[in-house]
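**Student:** model this:
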Amino acid sequence: SGNVTSTSYYTGGICGCAYSTTNNVSNFTRCTNSGTISSSSYGVGGIIGYAYGGSTYKTIVFGCSNTGSVSSTSYYLGGVAGYAGYCDMDECSNTGTVSSSSYNVGGVVGYLYYSTLRNSYNRGAVSTSCSSTSTSYGVGGVAGYVYGSSSTYCYVDNCYNTGTVSASSTTSFCVGGVVGRNYYGYIRNCYTGNTITINSSNTTYSGNVCGYNYTGGYVQYCHFRSGMISYGTTTRVCGTATNTPTYSYQFTHSSESNATCTLATAINSSTVLLSALNYWRTSVSGNAGAYVEWAADVSAWPNKGMPVLKKCEEANLSYSTPNPSITYGSQSTYTNNSLTYASGVTGIEYSIESQDPSGTATINTSTGQLTSSKVGTVTVKATLSGNDTYCDDEATYTLTVNCPTISTPTATASSVVGCDGSAT
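**Tutor:** I've put the predicted structure just below:
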């Protein structure tokens, strides 16, 4: 949550520079930043400034989110990552402002190089004051520049942007609601739903979804809110496109308290954006399990009433007493009441994961109560199957059932009862 200010390259809220090698893969899972990140050099991100992996050992960025403002006077700037090369980015988000006076700027990632970005979104304002006239630069609501090759494509799948995009100083920048410049990349099942402000002389390389869909670039099943781009033909999917976008349409959305967005042209008999997004996931993608389901915006309208990715919240199951013990005979039943979890979690089930020796105890799967049968150890697992609100989660504890101290038999006693219940 602390602020970071830098005059050097590679600056991030969590990590400045991350490299992966064959034996050491960098992995960023559920990292968050709320601090302000600013730099006067290149490679700046809310989570990571510069991330790089390899073709067979990609750097992992999963479930990371940034809410702080990110700014730089140089290039490669993103809400989550400034530069992502050979990375696998999944379920990442940015809601902070992203502002630059340079190029290759994106709401989630500034420069996506031989990488995959999916199930991610931007709601923060993205802007650049750069006045460069080069068509080799980009600014986008999700990614600024997407760069792949004919043998290794980049992918931007199942993403959305509802933040504003502004690049009014440049006359030939590549400006897009989702991606600025796309070179050998697939942009699929994405949408954008906020204003795109461009220079009046820059209509050639500015589009609702993608500014410049260059060589090897494909835009498929992507949609945009009508009337959002400031100049030129407001219904253009891309400013300039080497390959014509397919199944990509504008949608109308008149009220921020109304989650129904109507497509101009129906997809699979659906005129509703929400249904069309889920149709691609289940019927077109070929791998529905890799893509997060879409849902209507929640009642507080954080996404202005437009569809959201149905991300689960952490249930945070945890036992604060992970290694309890009881004495056999004096306590035949036991329930570990130290299990904590997020408010609203229900439906937890309990099971015996392991026990030594076998038959040490039995368990009530609904309450978690153990009934001991002999001395030994029992590992219990509490499991939550994911639902519409909470993610899958589990927690374990290990109970030790101790043998009581047995007093020496008196002269008149014929036997004593052992820990296993047998007479000795």
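
**Student:** OK, contacts around Gly2?
**Tutor:** Counting by CB atoms under 8 Å, 6 or more residues apart in numbering, Gly2 makes contact with Gly35. For every residue, glycine as well, the C-beta is placed using N, CA and C.

**Student:** Compute the number of surrounding residues for Phe28.
**Tutor:** Phe28: 23 surrounding residues under other CB atoms under 10 Å.

**Student:** Which residue, neighbours along the chain excluded, lies closest to it?
**Tutor:** Sequence neighbours aside, Val61 is the residue nearest to Phe28 in space, at 4.8 Å (criterion: CB to CB, 6 or more residues apart in numbering).

**Student:** what's around the one you found, how many residues?
**Tutor:** Val61 has 31 nearby residues by other CB under 10 Å.

**Student:** Next one: it from Arg188, what distance?
**Tutor:** 19 Å (CB to CB, to the nearest Å).

**Student:** returning to that earlier point: got the buried residues for the host helix or strand of the residue nearest to Phe28?
**Tutor:** If you go by DSSP states H and E, Val61 is part of strand 59-62. By neighbour count on 16 or more other CB atoms under 10 Å, the buried set for strand 59-62 is Thr59, Ile60, Val61.

**Student:** Direction included, what does that strand pair up with?
**Tutor:** For strand 59-62, the paired strands and their directions (DSSP bridges) read strand 27-29 (parallel), strand 87-90 (parallel).

**Student:** next helix or strand past it?
**Tutor:** strand 65-66.

**Student:** For that following strand, name the packing helices and strands.
**Tutor:** When contacts are defined as 3 or more CB pairs under 8 Å, 6 or more residues apart in numbering; DSSP states H and E, strand 65-66 sits against strand 32-33, strand 93-94.

**Student:** Among those, pick out the one with the most neighbours on average.
**Tutor:** Most buried of the helices and strands packed on strand 65-66 by mean neighbour count (mean count of other CB atoms under 10 Å) is strand 93-94; its value is a mean of 29.

**Student:** how far does it sit from the chain's center?
**Tutor:** 8 Å (CA atoms, centre = their mean, to the nearest Å).

**Student:** Quick one: mean pLDDT over that strand.
**Tutor:** Averaging pLDDT along strand 93-94 yields 97.

**Student:** center of the chain, which residue is that?
**Tutor:** Nearest residue to the geometric centre of the chain (CA atoms, centre = their mean): Glu91, 1.4 Å.

**Student:** ok, now which ones touch it?
**Tutor:** Phe62, Gly63, Arg118, Asn119, Ser120, Val292, Leu309, Lys311.

**Student:** Please repeat the previous calculation with a cut-off of 6 Å.
**Tutor:** Counting by CB atoms under 6 Å, 6 or more residues apart in numbering, Glu91 makes contact with Gly63, Asn119.

**Student:** so what's the backbone phi/psi at it?
**Tutor:** Torsion angles at Glu91 (phi, psi; degrees, to the nearest 10) stand at phi 50, psi 50.

**Student:** rewinding a little: please produce a markdown table containing the helices and strands packed on strand 65-66, extended by distance to Tyr249.
**Tutor:** Formatted as a markdown table, the helices and strands packed on strand 65-66 follow (distance: least, CB to CB, whole Å):
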| stretch | distance to Tyr249 |
| --- | --- |
| strand 32-33 | 35 |
| strand 93-94 | 25 |
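
**Student:** Of all those strands, which one is nearest Arg236?
**Tutor:** Shortest distance between Arg236 and the helices and strands packed on strand 65-66, using CB to CB, is found for strand 93-94: 25.5 Å.

**Student:** the helices in this protein, which residues?
**Tutor:** With DSSP state H as the criterion, the chain has helices at 273-279.

**Student:** Give me the below-cutoff pLDDT ranges for it.
**Tutor:** For the chain, the stretches flagged by pLDDT under 70 are 299-300, 312, 386-388, 406-424.

**Student:** Confirm for me that Lys158 is in contact with Tyr291.
**Tutor:** Slight slip there: residue 158 is Asn, not Lys. Yes. With contact defined as CB atoms under 6 Å, Asn158 reaches Tyr291; the gap is 4.6 Å.

**Student:** Next, count neighbours for the residue lying closest to Thr203 once chain neighbours are set aside.
**Tutor:** Setting aside the residues directly before and after it, Thr203 is nearest to Gly232 in space (CB to CB, 6+ apart), at 3.1 Å. By the criterion of other CB under 10 Å, Gly232 has 16 neighbours.

**Student:** I'd like to know how far Gly232 sits from Gln355.
**Tutor:** Counting by CB to CB - Gly232 and Gln355 are separated by 70 Å.

**Student:** do the same with Asn122
**Tutor:** Taking CB to CB, one finds Asn122 at 49 Å from Gln355.

**Student:** So for the two, which residue has more residues nearby?
**Tutor:** Counted by other CB under 10 Å, Asn122 and Gln355 do not tie: Asn122 has more neighbours, with 33 against 22.

**Student:** ok now do that one, which residues does it touch?
**Tutor:** Taking CB under 6 Å, 6+ apart as the test, what Asn122 contacts is Gly79, Asn94, Gly107, Val108, Gly141, Val142, Asn161, Gly163.

**Student:** Would you check that the first one makes contact with Cys64?
**Tutor:** No. Applying CB under 6 Å, one finds Gly79 not in contact with Cys64, separated by 10.0 Å.

**Student:** mind listing what the closest residue to Asn208 other than its chain neighbours touches?
**Tutor:** Here the nearest residue to Asn208 in space, its sequence neighbours aside, is Phe224; by CB to CB, 6+ apart that works out to 3.5 Å. By CB under 6 Å, 6+ apart, the contact list for Phe224 reads Gly177, Thr192, Asn208, Val209, Gln250.

**Student:** So which of the residues you listed sit within strands?
**Tutor:** Secondary structure from DSSP state E places Thr192, Gln250 of the contacts of Phe224 in strands.
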